[in-house]
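K.L.:
Next comes the sequence, and after it the predicted model I'd like to discuss.
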Amino acid sequence: MSGTLARLRGPNNEGLLVAVIVVVVVAMALASPAFFTASTFFALVRSSMVPLIFALGVLLVLISGGIDVSFPAIAIFA
């Protein structure tokens, strides 16, 4: 693998994920001029609330040391 690509990927592919997100956002902006509006931003925030709550539940489980990250265990903490 080339040095630049390896540096972009990082140890856990964070850089590659950021690059993919940037490409998707640019493609959406080019496809629809109304993409960068306040209503679109609030719709994205509103739709990401449930996954955010579940992610916080996972975080609580992981911090507490009970590494049971099955869905029912996550739902209890969320």
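P.N.:
Structure's in. What do you need? Residues are numbered from 1 along each chain as shown.
K.L.:
quick one: low-confidence parts of the chain?
P.N.:
For the chain, residues meeting the criterion pLDDT under 70 lie at 1-3, 5-10, 67-71, 73-74, 76-78.
K.L.:
So if we follow the domain assignment, how does it break up?
P.N.:
Structural domains of the chain, as assigned by automatic domain parsing, span the residue ranges 1-46, 48-78.
K.L.:
ok now the first one, how far from the chain's centre?
P.N.:
So the one you mean is domain 1-46. Distance, stretch centre to chain centre, for domain 1-46: 10 Å (C-alpha atoms, centre = their mean, to the nearest Å).
K.L.:
Let's have the domains of the chain in CSV, adding mean neighbour count.
P.N.:
Yep, even glycine has a C-beta here, placed from its N, CA and C like the rest. Output for these, formatted as CSV (neighbours: other C-beta atoms under 10 Å):
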stretch, mean neighbour count
domain 1-46, 10
domain 48-78, 12
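K.L.:
CA atoms of stretch 41-50 as PDB?
P.N.:
Provided in PDB are the C-alpha atoms of stretch 41-50 (Å, rounded to 0.1, in the frame of the first residue of the first chain):
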ATOM      1  CA  PHE A  41     -29.300  20.200   8.600                       C
ATOM      2  CA  PHE A  42     -32.100  19.900  11.200                       C
ATOM      3  CA  ALA A  43     -33.500  16.800   9.400                       C
ATOM      4  CA  LEU A  44     -30.100  15.100   9.600                       C
ATOM      5  CA  VAL A  45     -29.800  16.000  13.300                       C
ATOM      6  CA  ARG A  46     -33.300  14.800  14.000                       C
ATOM      7  CA  SER A  47     -32.800  11.500  12.200                       C
ATOM      8  CA  SER A  48     -29.500  10.800  14.100                       C
ATOM      9  CA  MET A  49     -30.900  11.300  17.600                       C
ATOM     10  CA  VAL A  50     -31.900   7.600  18.100                       C
END
